[in-house]
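Asker: Here's my sequence, what's the structure:
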Amino acid sequence: MTEGKTYLLCRTTCKQDDLTTTSTQILAVHPATDAIQSWTFESDGSLDEAVWSRKDKGWTAKVTSFDSDGDKVTATTILIPIDENTFTFQSTERTVDGEQAADIGPIKVTRSVAAK
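Answerer: Numbers count the residues shown, from 1 in each chain. Just a heads-up that it's a prediction; the model follows:
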C-alpha cells in the first residue's frame with residue numbers, strides 16, 4: 001500500500017531455469033470508471049495495462065501489453081486463489097500483433113517464504 005493508501009505497489013520475481021525476471025505492478029481504482037486497473041513494468045522493458053473484474057472464484061483481467069520488442073500482446077488473465085499464499089495463473093485469448101497465440105497455464109504460483 002502506498003502512503004496515501006490509494007494504490008497497491010507489488011514487486012515480483014519469477015525464476016524459470018536460468019532466467020530470472022522481475023516486475024513492478026501498480027494497482028488502483030480508476031477515478032473515472034471505478035474499475036480496478038493495473039500497470040506492470042517488466043525488467044526486460046515490457047509493459048502492460050489491465051482492467052480487473054471480480055469473478056465467483058477469483059479475478060479476471062483484460063490485458064494489453066507491449067513486449068520488449070514492441071509487439072502488441074492482448075490476453076485475458078485469470079487468477080484463482082487456492083489459499084493465502086497460492087493461486088493459479090492462466091492467460092487465455094492471447095494475440096501477438098493481431099495473430100492468435102497459445103494459451104498459458106494454468107500455472108500454480110506460490111509466495112516464497114522470504115517475501116512474507
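Asker: from here on, contacts and neighbour counts on C-alpha atoms
Answerer: Will do.
Asker: and Ala35, how far is that from Leu27?
Answerer: Using CA to CA, to the nearest Å, Ala35 is found at 10 Å from Leu27.
Asker: show me where this structure has strands.
Answerer: In the chain, the segments counted as strands under DSSP state E are 7-16, 19-29, 36-42, 47-55, 58-66, 72-83, 86-96, 99-100, 104-110.
Asker: neighbour count winner among Ala35 and Leu27?
Answerer: Leu27 (20 against 13; other CA atoms under 10 Å).
Asker: Contacts only, for the more buried one.
Answerer: Contact analysis of Leu27 by CA atoms under 8 Å, 6 or more residues apart in numbering lists Tyr7, Leu8, Leu9, Ile36, Gln37, Ser38, Trp39.
Asker: Tell me what it is bridged to.
Answerer: Note on Leu27: beta-bridge partners Leu8, Ser38, judged by DSSP bridges.
Asker: Now do the closest residue to Thr22 other than its chain neighbours: how many residues are near it, please.
Answerer: The shortest distance from Thr22 to any non-neighbouring residue, by CA to CA, 6 or more residues apart in numbering, is to Thr13 (4.4 Å). A count of nearby residues for Thr13, using other CA under 10 Å, gives 13.
Asker: Provide a list of residues in contact with Thr13.
Answerer: With contacts defined as CA under 8 Å, 6+ apart, Thr13 is in contact with Thr20, Thr21, Thr22, Ser23.
Asker: most surrounded residue in those residues?
Answerer: Highest count within the contacts of Thr13 by other CA under 10 Å belongs to Ser23, 17 neighbours.
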